[in-house]
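Undergrad: Below are the sequence and a predicted model; questions follow.
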Amino acid sequence: MWELVKAGGWPMLPLLLLGVLALAIVLERFWSLRRNEVLPPGLGQEVRNWAARGKLDASHIESLRANSPLGALLAAALEARNRPRDQIRERIEDTGRHLVHRMGRFLNALGTIASAGPLLGLLGTVVGMIQMFMGILDHGVGDVNQLAGGIGKALVCTATGMIVAIPALMFHRHFRSRIDGYVIEMEQEASALLDSLDGRAAVLATNAAPVAARPAATAKA
């Protein structure tokens, strides 16, 4: 293994560093984008029950915001609950954009590794081929077997670049797809909470109407 690294020359060092960095990003994203971490089970229903019972004090909302990305989205909706529905939805969309950016952390770096790996590997191969042909120019072809071995060593960088880039690209697409799925489910939970808030507002308005009518009936009597 070490012989292959030495055969690839100096471009192998950045390629190996990119491989280690890609592995670290993949492990970190797998840990951070766990489903229970982003969409805790039962949280949406629990928040709707809060709204139905009127337990919407500041401490509940702050604890909800710190709970998870879904909790932060629902907390944003609860903070704007007394505004018109379109303004609440705008607040949710604004918060959602920040959450998507946070969930996509390091994915641009992973995509860059997937793009740069083959190019860096190709650069290493080109450098190795140039050195080999410069040697031929100075000393002649010599042994054909040595020439074939030199070409094989030069191609080590290209192979290493692909080995680094292919998994990085696959995991980049996988995490993007996972985030898109989470966003759809978060939007559904936010819409359900909005419907719950609208229903509670309608109930309060219905209960307030008879109370407002009583003084008028008493004055008439």
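TA: Cool, got the structure. Numbers count the residues shown, from 1 in each chain.

Undergrad: mind checking which helix or strand H172 is in?
TA: Counting by DSSP states H and E, the element that carries H172 is helix 156-220.

Undergrad: And for P40?
TA: If you go by DSSP H and E, P40 is not part of any helix or strand.

Undergrad: how far away is it from I61?
TA: Applying CB to CB, to the nearest Å, the value for P40 to I61 is 16 Å. All C-beta spots, glycine's among them, are computed from the backbone N, C-alpha and C.

Undergrad: between these two, who's got more neighbours?
TA: Relative neighbour count places I61 above the other of P40 and I61, with 20 against 15, counting by other CB atoms under 10 Å.

Undergrad: Backbone dihedrals for the more buried one, both of them.
TA: As for I61, its main-chain torsions (degrees, to the nearest 10) stand at phi -70, psi -40.

Undergrad: please begin residue numbering at 57 from this point
TA: Okay, residue one is now 57; in that scheme the one you just asked about reads as I117.

Undergrad: how much space between it and I186?
TA: I117 sits 64 Å away from I186, going by CB to CB.

Undergrad: same thing with L79?
TA: Distance check for L79 against I186: by CB to CB, it reads 31 Å.

Undergrad: Those two - which one has more neighbours?
TA: Taking other CB under 10 Å, L79 and I186 do not tie; L79 has more neighbours (14 against 11).

Undergrad: So for the more buried one, what's the pLDDT?
TA: pLDDT, L79: 96.

Undergrad: before we move on, what about the one 5 residues further on?
TA: In the predicted model, E84 carries a pLDDT score of 96.

Undergrad: Tell me where this structure is predicted with low confidence.
TA: Along the chain, the model assigns pLDDT under 70 to residues 57-64, 111, 191-206, 208, 255-277.

Undergrad: residues making contact with stretch 170-187?
TA: 64-68, 70-71, 74, 78, 206-207, 209-218, 220-222, 224-225, 228 (CB atoms under 8 Å, 6 or more residues apart in numbering).

Undergrad: Pull the contacting residues for the spatially most central residue of the chain.
TA: The centre of the chain sits closest to G160, judged by CA atoms, centre = their mean, with a distance of 2.6 Å. With contact taken as CB under 8 Å, 6+ apart, G160 is in contact with 231-232, 235.

Undergrad: 7 Å - rerun?
TA: The neighbours of G160, taking CB atoms under 7 Å, 6 or more residues apart in numbering as the test, are I235.

Undergrad: before we move on, back to that, can you go through the contacts of stretch 170-187 and name the buried ones?
TA: 64-65, 67-68, 70-71, 74, 78, 206, 209-214, 216-217, 220-221, 224-225, 228 (16 or more other CB atoms under 10 Å).

Undergrad: For F162, which non-adjacent residue is spatially closest?
TA: Excluding the flanking residues, the one nearest F162 by CB to CB, 6 or more residues apart in numbering is I81, at 4.7 Å.

Undergrad: I figured that neighbour hits T168, correct?
TA: No: the criterion here is CB atoms under 7 Å, and I81 misses it with T168 at 10.4 Å.

Undergrad: So these two - more neighbours on which side?
TA: Between I81 and T168, I81 has the larger neighbour count (other CB under 10 Å), namely 20 against 15.

Undergrad: any idea which helix or strand carries that one?
TA: If you go by DSSP H and E, I81 is part of helix 68-88.
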